[in-house]
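Chemist: Sequence and predicted structure, then a few things I'm wondering about:
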Amino acid sequence: MTKSTYIAAMGHFHPQNRITNEFFGELDIGSDSEWVLDRTGIESRHSILDEETIAKLRHGKTDLSTLRQEGKVTPLAELACQSWEVLGSRAPASFDQSHVDAVICGTSVPDYDIPANASTISEKLGLRAASFDVNSACSSFVMDLHVARGLVGSGIHDNIAIFNPERYSLRMNYADRQSCVLFGDGCASALVQDKPQPGSLKVIDTMVVSDPSNYEAVKIPDSGLFTQNGKVVQKFAISKTIEATREILKKNDLTPNDISWFIGHQANLRMITSSAERLGISKETHLYNVDLFGNQGAAGAPAVVSQNWDKIKTGDLVAIAVVGSGLTWGAALLEKI
């Protein structure tokens, strides 16, 4: 018999460097504060890099290799530890992190090709667990949860830690006003278990889909910078957010009216607002953080869940829909118990 899966606790972290729209107006890329806000709904984002360093990247006065040598690149494991600390404050009193038997990391900008970046997180936290990466860019959280649900449901693992640390600021082209204004850095973490705890989120369902025919629409090539086909991605993000949400609701005999909270991929506020409106989701039940933290890649949607952990009450249904390069999209349906 397949075991049920629960998210016992979640955590989040965003670096202290707050990058405002006004700063991009000073970079001489044609993106003043009003231009950015009108098109994206984003007011600010957080970065592991300070404004001076970003300006140097913009004008070719430094590069990623130099920043690493100077110790200015925060490792993924450090971001993960910060989010894990928040998670720990919410974990059940009986939880012992030595019981974690698997660690999954999903990120768009890894520290290493090998070893798995999950291994660096496990080492930093002192965990002795099967550690591996499951990367699907911005849709990684749902992909990771999908995998974790399968492992817990089959009885292979009992306690799985998921980490989604993101540092898009390292691979941005700061002369490209269309993309560099969108992204921020951060990390989210989740503790997935096979037993219910008071206040846990029961994972009712997950789904993931990919269409590789458009894999080049969003990419970060080896040693290169982020690029995307903006028109293709915008259309894809809206349509698949709607499609994934409707599909997982229909599969569970639900409608948007049954949902207590909706969380989409935090690409930009205009996109997710359009998706929510077309789904018939009210403003009061649409949760997001992209306006203040930018597009945090895989960390975005789970960070929203973590930031609203106490707002989600017993019996509430939470629908999460994410999209990412690949092109990949997915959804998760959760219930607070």
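Modeler: Everything's here; your move.
Chemist: was I right about T227 contacting K219?
Modeler: Yes - counting by CB atoms under 8 Å, K219 is a contact partner of T227 at 6.0 Å. (Glycine included, C-beta is placed from N, CA and C.)
Chemist: all strands in this structure, in order from the N-terminus.
Modeler: For the chain, applying DSSP state E gives strands covering 6-13, 17-20, 44-47, 102-105, 130-133, 159-166, 186-193, 201-210, 218-219, 227-228, 261-264, 286-287, 317-324, 328-336.
Chemist: neighbouring contacts of the second one?
Modeler: When contacts are taken as CB atoms under 8 Å, 6 or more residues apart in numbering, the neighbours of strand 17-20 outside the stretch itself are S33, E43, S44, R45, H46, S47, I48, L49, D50, E51, I54, G184.
Chemist: Can you say which two of those are spatially most distant?
Modeler: Farthest-apart pair in these is S33 and I48; separation 22.4 Å (CB to CB).
Chemist: which of these two has more neighbours?
Modeler: I48 (24 against 15; other CB atoms under 10 Å).
Chemist: how close does that one sit to N117?
Modeler: For I48, the distance to N117 equals 15 Å [CB to CB, to the nearest Å].
Chemist: the helices in this protein, which residues?
Modeler: Ranges of helices in the chain, per DSSP state H, are 21-25, 33-40, 51-58, 64-69, 76-90, 117-125, 140-153, 230-251, 269-279, 290-293, 300-307.
Chemist: so of those, which one's packed in deepest?
Modeler: For those, the largest average neighbour count (mean count of other CB atoms under 10 Å) is found in helix 300-307, namely a mean of 26.
Chemist: what is the orientation angle of it with helix 269-279?
Modeler: Per axes from the mean of the first three to the mean of the last three CA atoms, to 10 degrees, the angle that helix 300-307 makes with helix 269-279 is 80 degrees.
Chemist: Centre of the chain to helix 300-307, how far?
Modeler: Taking CA atoms, centre = their mean, to the nearest Å, the mean C-alpha location of helix 300-307 is offset from the chain mean by 7 Å.
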